[in-house]
Structure formats: C-alpha cells, structure tokens
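Trainee: 3D, please:
(2 chains)
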Protein chains: 2
Amino acid sequence: MGHILVVGSLAYDTVKTPTGKIEGALGGSANYFGVAASLFASVRVVGVVGEDYRAEDSELLSKKNIDISGVEHTSGKTFHWAGEYDNNLNEAKTLRTELNVFANFHPKLPESFKDSEIIFLANIDPALQLEVLNQVTRPKVIAADTMNFWIGSKMSDLLVILKRLDILLINEAEAILLTETSNAILAARKISTMGPKHIVIKRGEYGVVIFSNNRYFCLPAYPVGEVVDPTGAGDTFAGGFLGYIGKSGQPLSLDLLKSAAVYGTLLASFTVQDFSLNAIKNLTFEQVEIRRQDFRQVVSFPT
Amino acid sequence: MGHILVVGSLAYDTVKTPTGKIEGALGGSANYFGVAASLFASVRVVGVVGEDYRAEDSELLSKKNIDISGVEHTSGKTFHWAGEYDNNLNEAKTLRTELNVFANFHPKLPESFKDSEIIFLANIDPALQLEVLNQVTRPKVIAADTMNFWIGSKMSDLLVILKRLDILLINEAEAILLTETSNAILAARKISTMGPKHIVIKRGEYGVVIFSNNRYFCLPAYPVGEVVDPTGAGDTFAGGFLGYIGKSGQPLSLDLLKSAAVYGTLLASFTVQDFSLNAIKNLTFEQVEIRRQDFRQVVSFPT
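Mentor: Alright, predicted model coming up:
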C-alpha cells in the first residue's frame, strides 16, 4: 500500500449557509482530504498553521494515524476563509480570505515523506505545487486540484503543473473556464490534451464526470436532500478517491477510477450533511459501506 | 401493448444557439414525443395546426404509423415559438410565443382514441390537460409535464391535475419553483405528497432523478459534447420513457421506470445533436441499441 501525501491548507472557516452559521471552525483542504483518505490508507500532511491552531485540531489527524510531522507551526494566525452560500449551494461566495501564515508558506517535506507514492496537490498556488513535486522522489500517482483564481493569475505555472499530472480534479465551472469550452464533456477532452492522463470534473450535487483513455464515466452524486454545508466536499471526494487508489495498490485504469469515484462520492455526501468536518471526523468504514449498498440501488438499473 | 396518447403542440420554431440558427423549423412537444415513442409503441396525437402546416410535416408522423386523426386543421397560423440559448444550453430564453391556432384550442379526442392506455399530457394549460382526462375511458398510466408559466398563472388547475397523475415529468428548476425547495431531491419528495406517484425530474445535461415508492434513482445524461440545440430534449425523453413503458405492458415499478429512463435519456441525446427533429426523424432502434451499449459502460462501475 502506497503512502499518500497531501499538501494543502489547514484552516479556520467562517461559513454561512441557509441552514446556519459557524465561526472559526476547522476547515482546509488538507484536513478534509486527510480525514477522508485515512479511512483507506496511510496519510502524510504538509501545511502550515499559526499559534492559534487548537491542539484538538491537530489531534484529530494524529488520532487517525495521519502523519502530521510535515505541518509547520509558525508565529502568526492560521489561514482563515469566510464564505457564504445562498440557496444555490453549488457555489460559494468568498467574503474574506486571510492568508496569514499561508502568505509566506513554502512546502518543505520531511525526509520521511519524500518517498510518498500518491501525491495530492490541493488547491494552492501552482508555484507551490511545483515546489512539492521537486521534493518527491518516487511518485506513482500525481494528482492536483486548482481553481479560477490560479487560472486567472498563474496560468503559466499552472500549465507546467498540468503536464506533470496523472489526475486533475477540478470543478466543472473552472474546467470550462480553463478550456474556454461550454460543458464538462468538451472541457474534459480538452484538458486531456494539456497533460493530465485522467480528468475528474466535479459537478457538486450532479456528481462527477471522469475522462480517461478516451472514455467517459458519469456518476451522479448520492441524493442528499438536506445539504447543510458543501464546504470541503471536493477535498473529501479527493480524499476518498485517492485513498481508495492508494489502498488498492493497482495501476490507474478506468475501472479503478470508477470504484474510487464511488468512494469519493460517498464520503463527500457525508461531509455536506454537517458543518466543518463534523460529519466525517468520526465516520467509520462500516457507515460508508452501508451507504454504498444504498447508492448501488440509486444508480443501477436492469440491463 | 397499450396505445399511447399524446396531447401537445405541433409547432414551428425559430431557434438560435451558439452553433447556428433555424427559422420556422418543425417543433412542438407532440412531434418530439410522437417520433420518439413511435420507436416502441403505437402512438396517437391530438393537437392543432394552421393552414401553413406543411404536408411533409404531417407525413413525418403518419409514415411512422402514428395516428394523426386527432390533429385538427384550422384556419390561421400554426403555433410558433422563438427562443435562443446562450453558452449555457440548459435554459432557453423565450423571445416570442405566437399561440395562433393554439389560442382557442380545446382538445377533442376522436372516438377511437378514447381507449388509450398511456396518456401523456405535454406542457400545455392544465385546464386543457383536465379536458383530456375527462375524455379518456380507461387510462392505465397518466403522465404530464408542466412549466413555470402554469405554476405562476394556473396553480389551482395544476394542483387538480397533479392529483390525477401517475407520473409527473418536470424540469429541475420548475420542480424547485413548484415546491419552494432548494434542490431536486427535496422537490421530488415534496411533489410526491401532491399527487403524482412517480416523479421524474429532468436536469438537462445532468440527467434525471426519479423518485418512486420512496426511493431515488439518479441517471446521468449520455455525454454529448457538441450540443447543437437542446429544444425538444425533454419531450423526446418523455417519448422514449413512456414508449418503453407502453411497449413493456408491465405495471409501473421502479425497475421499469429505470429501464424506461435509460431509453428516454438515449433518445434525448440524439435530439440535442441537431436542430429540430433532424437527428431523430430517421433514427432506428438499432442505432439506439448501439448507443445503449456504450451508455452502459459510461455509467456502470465494478461492484
């Protein structure tokens, strides 16, 4: 089984949704990804936190046997994101981004992390994503996420990163923006000419589209009615997805990506049912398996 | 095998999409539905056309053994819809609706139509939908579509119709509007308390959600990159869906609805690949079956 390395944010989030509001709650791509992936495989986290980072939040990861020796503690405040969602829960409106300790962050991998086989470069500056790739010695699967902000401001670095990727995970709207196309189907095909071998387009409540070896796979989301907070759903998906791939130890194939996407989808469906990491921090593999049985009924049909 | 009755529009459409433009091309819910359903079962059409309705357009249906003896020919012009789509092909912007002969239309079923077993009330005034139901003598499956216009202006008639339905087919945005909920999952559940036993929510490029006997079925759309014109996709879906149900002769069950939705989805995927009925008017069942094999790969995963 390969070790999974995630480089991303550990954050405090202030989030308002039609259901309610949280202030300064645990968030960040590395936290969502790490908790999800730890259900499947051994996870290593690289990131940075400030003096205000709560001990219990570090312990949440370490208790799951996630190696947090790559999390730098530095003076200053932890990265803080504030956002809100209106009734259309598919898109967050960012109210405030306080980079704080993240402003001068340069990922530095502990020696023991450098042999990680599965690398997830969460949605951070593509220049930092490149710094990570320059430190890993034998990656088998390199995956990354990105967003509109980097597409606008760091396109040249992003294009370099894309050429290094086995898997790009990206939101539908951002895939369309990146490729100047009009839908996920065309966007996925075009991204495959920019470097990534496998493309995972995340469509929120509509599920995912995967494009791999010139074939599509479309998977609906698990039907959750009462969505409380979609924050972290994409990173949770990535954690379940790459966690499953890491656990399998198999080379990437469309069938493997399909199974992995099912787990990513299921884990994300828990995340959106509560604020912060509340719905996944104590989640067991058995609970996921129960929902997977139900999901099979939801998406399968007589042939 | 049950006869299928459709009551809806026979129209001429002027449509502009990012790909091109057509003027006065054949359209209307009854045409899309009829052509699609005729691949499976015997179809009867009730509607009205004006003096300008072209003989070749009537022949398109009659050549497929669709019974058009319920299509009234009257003085005046045929119903005309003009609309356009921007890059987001999910939503049409109506530029002009000329009711013409449709303004005074009251559906009158030929005697020979009254024993139809499967009834599709396309998206027309709910008061007219009720007039149809008062004329059929032994319906086994009553299905209808509706839209925001009627939700706004004819809510009381609509609520009466809903109580009579076995199946409601409705666009996602309109399901949310009708139920004052925030997503398709909640909307479907709420609609099930308003009368319809089975609810089919159409999500355009994202596929459909079906809610039946307290269970969900989610099916993605067939991945079409180059969407030329989405007009008629919903009615084509309904035609394939109810056509399959009619052909099966089986009572409604979730499994039957699932299989029917697959055919509806496939037929709709052809419709959007060309303007007007161009992509389905000569479509063969063999072409549908070929795409169905491909679709199975697109949506299935190892279990």
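Trainee: mind listing the strands for chain A?
Mentor: A:4-7, A:11-17, A:20-27, A:43-49, A:67-73, A:80-84, A:93-98, A:118-121, A:141-145, A:167-171, A:198-202, A:208-212, A:215-219 (DSSP state E).
Trainee: closest to chain B out of those?
Mentor: strand A:215-219 (3.6 Å; CB to the nearest CB). All C-beta atoms are positioned from the backbone trio N, CA, C, and that covers glycine.
Trainee: how about the closest one: buried residues?
Mentor: A:216-219 (16 or more other CB atoms under 10 Å in any protein chain shown).
Trainee: what does stretch A:12-21 give?
Mentor: When burial is assessed from 16+ other CB under 10 Å, stretch A:12-21 yields the following buried residues: A:12-17.
Trainee: now swap in stretch A:45-52 and tell me
Mentor: A:45-50.
Trainee: ok, now stretch A:120-140?
Mentor: A:120-126, A:128-129, A:131-133, A:135-136, A:139.
Trainee: residue A:255 contacts residue B:300, doesn't it?
Mentor: No: Residue A:255 sits out of contact with residue B:300 when judged by CB atoms under 8 Å, with a separation of 9.9 Å.
Trainee: got the residues of the stretch 201-303 of chain A near chain B?
Mentor: Within the stretch 201-303 of chain A, the positions near chain B by CB under 8 Å from any CB of the partner chain are A:203, A:205-207, A:209, A:215-221, A:223-227, A:255, A:258-259, A:261-262, A:296-303.
Trainee: any idea of the pLDDT on residue A:2?
Mentor: The per-residue pLDDT reported for residue A:2 equals 83.
Trainee: nearest residue to it other than its sequence neighbours?
Mentor: residue A:117 (3.2 Å; CB to CB, 6 or more residues apart in numbering or on different chains).
Trainee: now do residue A:283
Mentor: In space, and not counting its chain neighbours, residue A:283 is closest to residue A:270: 5.7 Å by CB to CB, 6+ apart.
Trainee: list the contacts of that neighbour.
Mentor: A:236, A:279-280, A:283, A:287-288, A:291 (CB atoms under 8 Å, 6 or more residues apart in numbering or on different chains).
Trainee: could you do residue A:170 as well?
Mentor: Contacts for residue A:170 were tallied using CB under 8 Å, 6+ apart; they are A:145-146, A:178, A:191, A:199-202.
Trainee: again, 7 Å this time
Mentor: Going by CB atoms under 7 Å, 6 or more residues apart in numbering or on different chains, residue A:170 touches A:145-146, A:201-202.
Trainee: do the same with residue A:184
Mentor: By CB under 7 Å, 6+ apart, the contact set of residue A:184 is A:172, A:175, A:201, A:203, A:209.
Trainee: give me the pLDDT value at the third one.
Mentor: At residue A:201, the model reports a pLDDT of 98.
Trainee: hmm, who's touching stretch A:244-262?
Mentor: Stretch A:244-262 has contacts (CB under 7 Å, 6+ apart) with A:1-2, A:4, A:40-41, A:118, A:141, A:166, A:198, A:208, A:210, A:212-213, A:215, A:217, A:219, A:241, A:263, A:292, A:295, B:301-302.
Trainee: now that stretch - C-alpha only, PDB.
Mentor: Output in PDB follows, covering the C-alpha atoms of stretch A:244-262 (Å, rounded to 0.1, in the frame of the first residue of the first chain):
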ATOM      1  CA  TYR A 244      -9.100   4.100  -2.400                       C
ATOM      2  CA  ILE A 245      -6.500   4.200  -5.200                       C
ATOM      3  CA  GLY A 246      -3.700   4.100  -2.600                       C
ATOM      4  CA  LYS A 247      -5.300   1.200  -0.800                       C
ATOM      5  CA  SER A 248      -5.800  -0.800  -4.000                       C
ATOM      6  CA  GLY A 249      -2.100  -0.600  -5.000                       C
ATOM      7  CA  GLN A 250      -3.200  -1.100  -8.600                       C
ATOM      8  CA  PRO A 251      -2.100   0.900 -11.600                       C
ATOM      9  CA  LEU A 252      -4.600   3.500 -12.800                       C
ATOM     10  CA  SER A 253      -7.300   2.200 -15.000                       C
ATOM     11  CA  LEU A 254     -10.800   3.400 -15.800                       C
ATOM     12  CA  ASP A 255     -12.300   0.600 -13.600                       C
ATOM     13  CA  LEU A 256     -10.100   1.600 -10.700                       C
ATOM     14  CA  LEU A 257     -11.000   5.200 -11.100                       C
ATOM     15  CA  LYS A 258     -14.700   4.300 -11.200                       C
ATOM     16  CA  SER A 259     -14.600   2.400  -7.900                       C
ATOM     17  CA  ALA A 260     -12.500   5.200  -6.400                       C
ATOM     18  CA  ALA A 261     -15.100   7.800  -7.600                       C
ATOM     19  CA  VAL A 262     -17.800   5.900  -5.800                       C
END
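Trainee: report the mean confidence score over that stretch.
Mentor: pLDDT averaged over stretch A:244-262 gives 97.
Trainee: what's near enough to touch residue A:129?
Mentor: Applying CB under 7 Å, 6+ apart, we find residue A:129 in contact with A:121, A:144, A:161.
Trainee: can we see that at 10 Å?
Mentor: By CB atoms under 10 Å, 6 or more residues apart in numbering or on different chains, residue A:129 lies in contact with A:7-8, A:107, A:119, A:121-123, A:142, A:144-146, A:150, A:154, A:157-158, A:160-161, A:164-165.
Trainee: which positions in the stretch 51-200 of chain A make contact with chain B?
Mentor: For the stretch 51-200 of chain A, the residues in contact with chain B (CB under 10 Å from any CB of the partner chain) are A:86-90, A:172, A:176, A:181-190.
Trainee: now list the buried members of these.
Mentor: By 16+ other CB under 10 Å, these give A:89, A:172, A:176, A:181-190 as buried.
Trainee: show me the contacts for residue A:88.
Mentor: Residue A:88 touches A:18, A:204-205, B:176, B:182-183, counting by CB under 10 Å, 6+ apart.
Trainee: can you do 8 Å?
Mentor: Counting by CB under 8 Å, 6+ apart, residue A:88 has contacts residue B:182.
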